[in-house]
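S.K.: sequence-free structure coming up:
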């Protein structure tokens, strides 16, 4: 029967007889319960990552080539899911802090290289229609292609003079733009914007906005909260409902948008390195952005493998809505489109 491997056991494996035989640390040396409790994921998921990333992590030019791909992946998963400092997780794995840092860097880069494979909007007509149908079945809002929102991830201060990353709570952060489907799978992730940038500006400056402005909004629209500006391709809530129809629309909008709120909680719960109440990413904004994106990709891979990534996600706090809601002009195409939606489908 496989038993959990301890730090002492790792030391014997790694340093016994005066040699660093790092590849002797194998998945077969630990049981399934230990994998989930320590690294956050079951054996089949880790096996899949080893197969997916093994070639990238075995490149002969890498400094960490002496460490097997599976050990690198376990080290990175342990860091992503625990939120612990690298030294502590390195001790658990049985590798040095320097090696741990290289493992996190290498695995992050290998995962991010595959972003377009796992985070994308569906292109086939049948898949797009299913996307709309799944959202409609939630609360009756038609034509929805995704839910968009922003999530702050706290990072260490880049330097004392740089205020660009200071958010409205006085913390240094990245303001990450996310979009998800009705199952909480991410369709879009831009993770590099400074925390001082407001949500609506993040969206306005994003490639997602350019995509919908140029070609996608004719097929449907996104849903966003009142931190965003109403647009022909972005339906926001009616801020002050004045009719039963507007009230029903607002309630249906909120029920649909709840999927994104649950998705953000699940991300923070599963990947504790993103949970600012537990730890702050101790990296540059650029590297922190890559780590956030890697966690988003792993979130989608976990969903594809049928894993229950939701857990007790209610324990992770969400950022509050923007303090200032955007004022709405009533003489715009977007306003008329929303009114037509309200009167047609919520009367």
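M.R.: Good, I have the coordinates. Just so it is clear, the model here is predicted, and its values are computed rather than measured. Numbering: from 1, shown residues only.

S.K.: separation between residue 100 and residue 58?
M.R.: 18 Å (C-beta to C-beta, to the nearest Å). C-beta: built from backbone N, CA, C; applies to glycine.

S.K.: and if you look at residue 234?
M.R.: Distance from residue 234 to residue 58, counting by C-beta to C-beta: 44 Å.

S.K.: more crowded one of residue 100 and residue 58?
M.R.: Using other C-beta atoms under 10 Å, the more surrounded residue of residue 100 and residue 58 is residue 100, with 26 against 14.

S.K.: which SSE is that one in?
M.R.: Using DSSP states H and E, residue 100 falls within helix 97-112.

S.K.: for the next helix-or-strand element following that helix, name the packing helices and strands.
M.R.: The element immediately downstream of helix 97-112 (helix or strand, assigned by DSSP H and E) is helix 115-118. Helix 115-118 is packed against helix 285-304, with contacts defined by 3 or more C-beta pairs under 8 Å, 6 or more residues apart in numbering; DSSP states H and E.

S.K.: buried sites along the helix it packs on?
M.R.: 285, 287-303 (16 or more other C-beta atoms under 10 Å).

S.K.: now name the helix or strand holding the residue nearest to residue 238 when sequence neighbours are not counted.
M.R.: Nearest residue to residue 238, sequence neighbours excluded (C-beta to C-beta, 6 or more residues apart in numbering): residue 246, at 4.5 Å. Using DSSP H and E, the element containing residue 246 is helix 244-270.

S.K.: so which bits of that helix are buried?
M.R.: Neighbour-count burial for helix 244-270, with 16+ other C-beta under 10 Å as criterion, is recorded at 245-246, 248-250, 252-253, 256-257, 259-260, 262-270.

S.K.: so, low pLDDT: which residues of the chain?
M.R.: 1-26, 59-65, 85-93, 160, 216-218, 278, 311-327, 329 (pLDDT under 70).

S.K.: would you map the helices across it?
M.R.: Along the chain, counting by DSSP state H, helices occupy 7-15, 32-39, 43-57, 69-82, 86-93, 97-112, 115-118, 125-139, 199-204, 207-211, 244-270, 285-304, 333-345.

S.K.: out of those, which is the most enclosed?
M.R.: Of all those, helix 69-82 carries the top mean neighbour count, a mean of 25, counting by mean count of other C-beta atoms under 10 Å.

S.K.: care to break the chain down by domain?
M.R.: 7-113, 116-345 (automatic domain parsing).

S.K.: quick one on the thing from earlier: quick check: the residue nearest to residue 238 touching residue 342?
M.R.: Yes - with contacts counted by C-beta atoms under 8 Å, residue 246 reaches residue 342, the gap being 5.7 Å.

S.K.: which neighbours do those two share?
M.R.: Here residue 246 and residue 342 have residue 238 as joint contacts, going by C-beta atoms under 8 Å, 6 or more residues apart in numbering.

S.K.: thank you, goodbye.
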